[in-house]
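Chemist: Mind folding the following:
(2 chains)
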Number of protein chains: 2
Amino acid sequence: MAKLQAGYLFPEIARRRAAHILKYPDAQVISLGIGDTTEPIPEVITSAMAQRSHSLSTLEGYSGYGAEQGEKKLRAAIASTFYADMGIEESDIFVSDGAKCDISRLQLLFGSNVTMAVQDPSYPAYVDSSVIMGQTGQFQKDIEKYGNIEYMRCSPENGFFPDLSTIQKTDIIFFCSPNNPTGSAATREQLTQLVRFAKENGSIIVYDSAYAMYISDDRPRSIFEIPGAKEVAIETTSFSKYAGFTGVRLGWTVVPKELLFSDGFPVAKDFNRIVCTCFNGASNIAQAGGLACLSPEGLKAMHEVVSFYKDNTKLIVDTFNSLGFKVYGGEHAPYVWVHFPGRSSWDVFAEILEKTHIVTTPGSGFGPGGEGFIRVSAFGHRGNVLEACKRFKLLYK
Amino acid sequence: MAKLQAGYLFPEIARRRAAHILKYPDAQVISLGIGDTTEPIPEVITSAMAQRSHSLSTLEGYSGYGAEQGEKKLRAAIASTFYADMGIEESDIFVSDGAKCDISRLQLLFGSNVTMAVQDPSYPAYVDSSVIMGQTGQFQKDIEKYGNIEYMRCSPENGFFPDLSTIQKTDIIFFCSPNNPTGSAATREQLTQLVRFAKENGSIIVYDSAYAMYISDDRPRSIFEIPGAKEVAIETTSFSKYAGFTGVRLGWTVVPKELLFSDGFPVAKDFNRIVCTCFNGASNIAQAGGLACLSPEGLKAMHEVVSFYKDNTKLIVDTFNSLGFKVYGGEHAPYVWVHFPGRSSWDVFAEILEKTHIVTTPGSGFGPGGEGFIRVSAFGHRGNVLEACKRFKLLYK
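Modeler: Residues are numbered from 1 along each chain as shown, chains lettered A, B, ... in the order given. Purely as a prediction, here's the structure:
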């Protein structure tokens, strides 16, 4: 625990935001920091959850412990909605209370004697959960890295896909696409390379696709679109950013039966044991919501939610482009990655907060490769996003 | 992982139950095995959850990520309802998706280099999560124990409270009271002893009080009723068995600010970091249900639920007493602990299942000290419990 650097990023930002509000009690603070959804959940989904709640007070509708892996119907719906023609079956799906929670259960599965690689920059939960599990060695202040983690630099120079020829072999590779924070999504060719790389090295890829519905073109939504991926990859994802379920808590992880440890033992069997011992299933009410999400009306409603945030994204991208910044991401993800060359991310974060009352996220919070960047989240009410764009224009015109 | 013995107990029982149903497709199987609630959730609680669901589709009612530690109002209500006059404050409460999940997060906090003690018998999640964390050493088949776990034998001979003078000092002591599976609840004097023992040894007690509302007399409902406990104990508990929330998923853990590691660092600060990194808060809808549970009507409704299961318990206790068995538990917990001297628990389990179509739980599944016992759960519809008692009488008359 003592090896962990400062606070987990987002609570740290929340603290700074709170301090700012104390300093400027009348300021109209706009949060484009933590990627938290702001738009109401479509009614077709909340109605299903309300109905399930009510039915829990009836003799016929009551249910106690569900299967730790999730309700059969929901697992089947996830398999057929997201993984049709990929050979992923209901039994490969583990329903959960969210991708972040599943990442730490996966870390429990891997234990402390594994090596891991992460994209740099990337969502901090991979590294932090790895530190807690004792996989990482000491933090090296001079290079802002943990000794035993392989950082796969993703920068504008390499199109945000690591040069795999320079990457050391590790047991586990965390790979997030569309990437949080850079917003870039890997192409089919890149993912084919990645799968081949993992196969050659005997690595397991943990593929985080929590933003897959934001992809605009025909890039893969799932790692399992890549032939051979079922033998090397786990995929973890969530309803949070599609249906506004950040507070409702529902996600899933796919562990294909084809994925084996080097001794031939199925990874899914061990993960099942972790899930049964350390978890008791997602809330049955949230699962009813998940099932509604995957009905034809629910899917349509989720696409509308995603579209709304994508329109926000475009406003933000256009704003920073018009101000002459180099802007990345935004096309396949609700995150815009803005370059402030030569400046410290935390300084830019503080400058924006101080002068515009807008909360962003400093890129260096996602790894040393994020230094000099700011992540601007597109989750927000339209009015707030428009107002934020106006303030950015005033500050940087 | 490979050190884990067979399956986690309850999925194992579920498998045997399924096999039985396959063999006797027409049998009316009654489950008094896994401690799963069967009675509908009181309407005052489900209405609150339905209302919260609906409000999530409105602009004013929508909320995204909540605090990882739980909503302020709920934390405050838990503190004032269960810990008034004990010096436990809102900030000491961590709301969760259930005690089992929190136990594994606590194990993550402790890491792999700690020693632990458990009551023998006890709820298997303590040992299994400890094995997964790598704390336990190898399983020793001859004595049915893990090498590095201190088993605190709780038997009729010692009134189900361990003889602490024979117990080795460990870093962590898991203590469940009212105990699952024996149904016994520790007295004030016993808990005072336990707290003193922990203080002398520099141990942390993880006190599981998930059945505290089932206590019939003035025994402590919380370890924090014992002076000095705040410096040595964590308490974990749940709404599951009070409000029928086994499927809804809501619990909490108390980590008092007075609890410090040997270097003086507050345990709560590290636990907070675990919660923020590995968890994203309990479902907001479940939390709305929790708040309703703690309203005056909700509390009354929960007491009625508990009363109902306690009446079931009495029926089961009376049945086995009338058949001449030595029966323990049942007074302060929804579990009846029946002695079959000289017999194997799994054999008795199989005999009861085969001859009466009733699922129970073999005592040895809770540790070697449970050998020769059967746990009969009092969670069931009244008609099923009455029918089960009739069948027990036929089998053992």
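
Chemist: Can you show me the strands along the stretch 101-250 of chain A?
Modeler: A:116-120, A:139-140, A:145-146, A:149-153, A:172-176, A:204-208, A:233-238 (DSSP state E, counting those that start in this stretch).

Chemist: of all those strands, which lies closest to B:C293?
Modeler: strand A:233-238 (27.4 Å; CB to CB). (Each C-beta comes from the backbone N, C-alpha and C, glycine too.)

Chemist: by contact count, what packs against the closest one?
Modeler: helix A:99-110, strand A:204-208, strand A:251-254 (3 or more CB pairs under 8 Å, 6 or more residues apart in numbering or on different chains; DSSP states H and E).

Chemist: These: which one's closest to A:S80?
Modeler: Among the helices and strands packed on strand A:233-238, strand A:251-254 sits nearest to A:S80 (CB to CB), with 13.0 Å.

Chemist: do that closest one and chain B meet?
Modeler: No - using CB under 8 Å from any CB of the partner chain, strand A:251-254 never reaches chain B; the gap is at least 9.4 Å.

Chemist: Quickly run through the sheet partners of that strand, with directions.
Modeler: strand A:93-96 (antiparallel), strand A:233-238 (antiparallel) (DSSP bridges).

Chemist: what's the closest of these to B:T246?
Modeler: Going by CB to CB, the one of the strands paired with strand A:251-254 nearest B:T246 is strand A:93-96, 16.1 Å.

Chemist: one step back: how about the helices and strands packed on strand A:233-238 in CSV, adding distance to B:P220 and mean neighbour count?
Modeler: Shown next, in CSV, are the helices and strands packed on strand A:233-238 (distance: least, CB to CB, whole Å; neighbours: other CB atoms under 10 Å in any protein chain shown):
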stretch, distance to B:P220, mean neighbour count
helix A:99-110, 32, 24
strand A:204-208, 44, 26
strand A:251-254, 38, 26
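
Chemist: JSON lines please, covering the ones you listed and showing distance to B:D347 and mean pLDDT.
Modeler: Below are the helices and strands packed on strand A:233-238 laid out as JSON lines (distance: least, CB to CB, whole Å; pLDDT from 0 to 100):
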{"stretch": "helix A:99-110", "distance to B:D347": "34", "mean pLDDT": "95"}
{"stretch": "strand A:204-208", "distance to B:D347": "41", "mean pLDDT": "98"}
{"stretch": "strand A:251-254", "distance to B:D347": "38", "mean pLDDT": "98"}
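
Chemist: and B:Y83, which of the strands of the stretch 101-250 of chain A is closest to it?
Modeler: Of all these, strand A:233-238 comes closest under CB to CB, at 33.9 Å.

Chemist: where exactly do the helices run in the stretch 1-150 of chain A?
Modeler: Here the stretch 1-150 of chain A has its helices, by DSSP state H, counting those that start in this stretch, at A:9-23, A:43-55, A:72-82, A:99-110, A:125-133.

Chemist: buried ones in the longest one?
Modeler: The reference is to helix A:9-23. Across helix A:9-23, burial judged by 16 or more other CB atoms under 10 Å in any protein chain shown covers A:9-11, A:13-14, A:16-17, A:20.

Chemist: what subset of those residues is also close to chain B?
Modeler: Answer for the buried residues of helix A:9-23 near chain B (CB under 8 Å from any CB): A:10-11.

Chemist: Nearest to B:Q140 among the buried residues of helix A:9-23?
Modeler: A:P11 (43.0 Å).

Chemist: Now do the contacts for the closest one.
Modeler: B:68, B:276 (CB atoms under 8 Å, 6 or more residues apart in numbering or on different chains).

Chemist: roughly how far apart are it and A:Y123?
Modeler: 15 Å (CB to CB, to the nearest Å).

Chemist: The closest residue to chain B within the stretch 251-397 of chain A: how many residues sit nearby?
Modeler: The stretch 251-397 of chain A approaches chain B most closely through A:C278 (3.6 Å), counting by CB to the nearest CB. Applying other CB atoms under 10 Å in any protein chain shown, we find 27 residues neighbouring A:C278.

Chemist: so it sits right up against B:I132, yeah?
Modeler: Yes - shown here, A:C278 and B:I132 form a contact pair, counting by CB atoms under 8 Å, at 7.2 Å.

Chemist: Skipping adjacent residues, who's closest to A:F82 in space?
Modeler: Nearest non-adjacent residue to A:F82, counting by CB to CB, 6 or more residues apart in numbering or on different chains: A:S222, 6.4 Å away.

Chemist: right, and A:E43 touches B:S57 too?
Modeler: Yes - the pair A:E43 / B:S57 is scored as a contact, 4.6 Å apart, by CB under 8 Å.

Chemist: out of the two, which sits in the busier spot?
Modeler: Using other CB under 10 Å, the more surrounded residue of A:E43 and B:S57 is B:S57, with 21 against 16.

Chemist: Is stretch A:304-317 positioned near chain B?
Modeler: No - residues of stretch A:304-317 are not located near chain B by CB under 8 Å from any CB, the shortest gap being 11.3 Å.

Chemist: Can you give the distance of that stretch from its chain's centre?
Modeler: Between the centre of stretch A:304-317 and the centre of its chain there are 17 Å (CA atoms, centre = their mean, to the nearest Å).

Chemist: Enumerate the positions of it that are buried.
Modeler: By neighbour count on 16+ other CB under 10 Å, the buried set for stretch A:304-317 is A:305-306, A:308-310, A:312-313, A:315-317.

Chemist: sorry, back to before: which residues are common contacts for A:C278 and B:I132?
Modeler: A:108, B:104.

Chemist: can you tell which of the strands of the stretch 101-250 of chain A is closest to A:F261?
Modeler: strand A:204-208 (8.7 Å).

Chemist: Who are the packing partners of the closest one?
Modeler: helix A:99-110, strand A:172-176, helix A:188-201, strand A:233-238.

Chemist: Identify the residues contacting the first one?
Modeler: With CB under 8 Å, 6+ apart as the contact definition, helix A:99-110 has outside contacts at A:94, A:96, A:116, A:125-126, A:129-130, A:132-133, A:135, A:171-172, A:204, A:206, A:208, A:210, A:234, A:236-238, A:240, A:251-253, A:267, A:270-271, A:274-275, A:278-279, B:1, B:104, B:108, B:132-133, B:277-280.

Chemist: before we move on, back to that, make CSV out of the helices and strands packed on strand A:204-208 and add distance to B:S63.
Modeler: Listed next are the helices and strands packed on strand A:204-208 as CSV, based on distance: least, CB to CB, whole Å:
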stretch, distance to B:S63
helix A:99-110, 17
strand A:172-176, 25
helix A:188-201, 35
strand A:233-238, 17
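
Chemist: Nearest to B:V348 among those would be which one?
Modeler: helix A:99-110 (34.0 Å).

Chemist: Near A:Q51, how many residues? Count them for me, please.
Modeler: The tally of other residues near A:Q51 (other CB under 10 Å) stands at 16.

Chemist: what's the pLDDT at it?
Modeler: On the pLDDT scale, A:Q51 is placed at 98.

Chemist: check contacts around it.
Modeler: Contacts here follow CB under 8 Å, 6+ apart; on that basis A:Q51 touches A:288, B:50.

Chemist: Over to A:L299?
Modeler: Contacts of A:L299 (CB under 8 Å, 6+ apart): A:81, A:293.
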